[in-house]
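A.B. asks: Structure for the following, please:
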Amino acid sequence: DGGSITTTISGWMLTAGLIRLTLDGEGTAHGRFTDDTITYMLARPHERPPHPVFFRQDGETRAARLPPDLLDQWAGRFVAQLAAPSAELMTTGSGIVLRDVATGSQAWTETDGQGVTVHQHG
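C.D. replies: Residues are numbered from 1 along each chain as shown. The predicted model follows:
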């Protein structure tokens, strides 16, 4: 009781959060992320698998609701990583690509004179 765990939570978008948990008398751990921006090199078993050449798949298209440059920020990338833990973030000359290695789903952005378009498949 009252013991603590301090560990990182990270993923393939290469951001990590430091969390500190305290164990209560019921055997449940409670805690919060610290406000530190940290990064760690992934161990080989945790590294993303080699990926094939990216080929865009047809799918749904819509206007972006949020600017894709949120993924340039540590907090935006960390939150996206929590929502899609098996997704890999890639950038191209024309935008950002998220490819989920577990499901094969993909999303990518494209900027035109009107704004940003999101393409989704899977």
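
A.B. asks: three-state assignment of the most centrally placed residue in the chain?
C.D. replies: Nearest residue to the geometric centre of the chain (Cα atoms, centre = their mean): Gln81, 2.1 Å. The three-state label for Gln81, taken from DSSP: H, G, I helix; E, B strand; the rest coil, comes out as helix.

A.B. asks: And the strands in the protein?
C.D. replies: Counting by DSSP state E, residue ranges of the strands within the chain are 4-10, 16-23, 29-33, 60-63, 87-92, 95-100, 106-112, 115-121.

A.B. asks: Can you add mean neighbour count and mean pLDDT and give these back as JSON lines?
C.D. replies: Every residue, glycine included, has its C-beta placed from N, CA and C. Putting the strands of the chain into JSON lines (neighbours: other Cβ atoms under 10 Å; pLDDT from 0 to 100) gives the following:
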{"stretch": "strand 4-10", "mean neighbour count": "13", "mean pLDDT": "83"}
{"stretch": "strand 16-23", "mean neighbour count": "16", "mean pLDDT": "87"}
{"stretch": "strand 29-33", "mean neighbour count": "12", "mean pLDDT": "89"}
{"stretch": "strand 60-63", "mean neighbour count": "9", "mean pLDDT": "93"}
{"stretch": "strand 87-92", "mean neighbour count": "17", "mean pLDDT": "86"}
{"stretch": "strand 95-100", "mean neighbour count": "19", "mean pLDDT": "89"}
{"stretch": "strand 106-112", "mean neighbour count": "17", "mean pLDDT": "88"}
{"stretch": "strand 115-121", "mean neighbour count": "15", "mean pLDDT": "92"}
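
A.B. asks: For Arg77, which of those is the nearest?
C.D. replies: For those, the distance to Arg77 is smallest for strand 87-92, at 6.8 Å, taking Cβ to Cβ.

A.B. asks: Listing partners with orientation, what would you give for the closest one?
C.D. replies: The sheet places strand 87-92 alongside strand 95-100 (antiparallel), with pairing taken from DSSP bridges.

A.B. asks: Tell me how far the strand it pairs with lies from the chain's centre.
C.D. replies: The chain centre lies 10 Å from the centre of strand 95-100; the measure is Cα atoms, centre = their mean, to the nearest Å.
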